[in-house]
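A.B. asks: The following block contains a protein sequence and its predicted model.
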Amino acid sequence: MRIINLSEEEVRALLQRSHIGRIACARHDQPYIVPIGFSFDAERNCLYSFSAVGQKIQWMRENPRVCIEVDDIVDKDHWSTVVIFGGYEELTDSPADTEGRQRAQVLFEERSEWWFPAAGRTEAGAPSAVVIYRIRIDRLTGRSAWRRRL
């Protein structure tokens, strides 16, 4: 098997075609990782996402340093993975966040059923408040592996 580092161009191409990843946050020395849907904004060097208010949002409000992993897996011998290091920013209803919220909306609408799962019903019933947020990208890294088939 051969494993190589992806170029920044290859990393950004993977992010452009992906919409699902895992976000890791931490609070009181306890890591927490969950899947998220996202939209990559290459122009602004960030990801946009949204979520019902819950543990992930509460923890990111306390500690905005996050890490996101995005994979493109064909099989155990053929895969690429990207890791993003960055910071959480909540986009509120304030005038200062209007442009960011509008940009997020445009990117979200490029996907069908973009509002799931964050706006879905929970076991408790009606959906809770939804937060739109952005992850500012500080650093990207990626690797790819493949094994030649005989």
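C.D. replies: That came in fine, so what should we check first?
A.B. asks: Report the contact partners of the residue nearest the centre of the chain.
C.D. replies: Geometric centre of the chain, nearest residue: F38, 4.6 Å, by Cα atoms, centre = their mean. With contact set as Cβ atoms under 8 Å, 6 or more residues apart in numbering, F38 has these partners: S18, H19, I20, G21, L47, Y48, S49, I68, I135. For glycine as for every other residue, the C-beta is placed from the backbone atoms N, C-alpha and C.
A.B. asks: The second one and P35 touch, don't they?
C.D. replies: This means H19. No - counting by Cβ atoms under 8 Å, H19 does not reach P35; the two are 10.9 Å apart.
A.B. asks: Comparing these two, which shows the higher neighbour count?
C.D. replies: H19 (18 against 10; other Cβ atoms under 10 Å).
A.B. asks: Against V70, how distant is that one?
C.D. replies: Distance of H19 to V70, computed by Cβ to Cβ, to the nearest Å: 9 Å.
A.B. asks: Likewise for S144?
C.D. replies: 12 Å.
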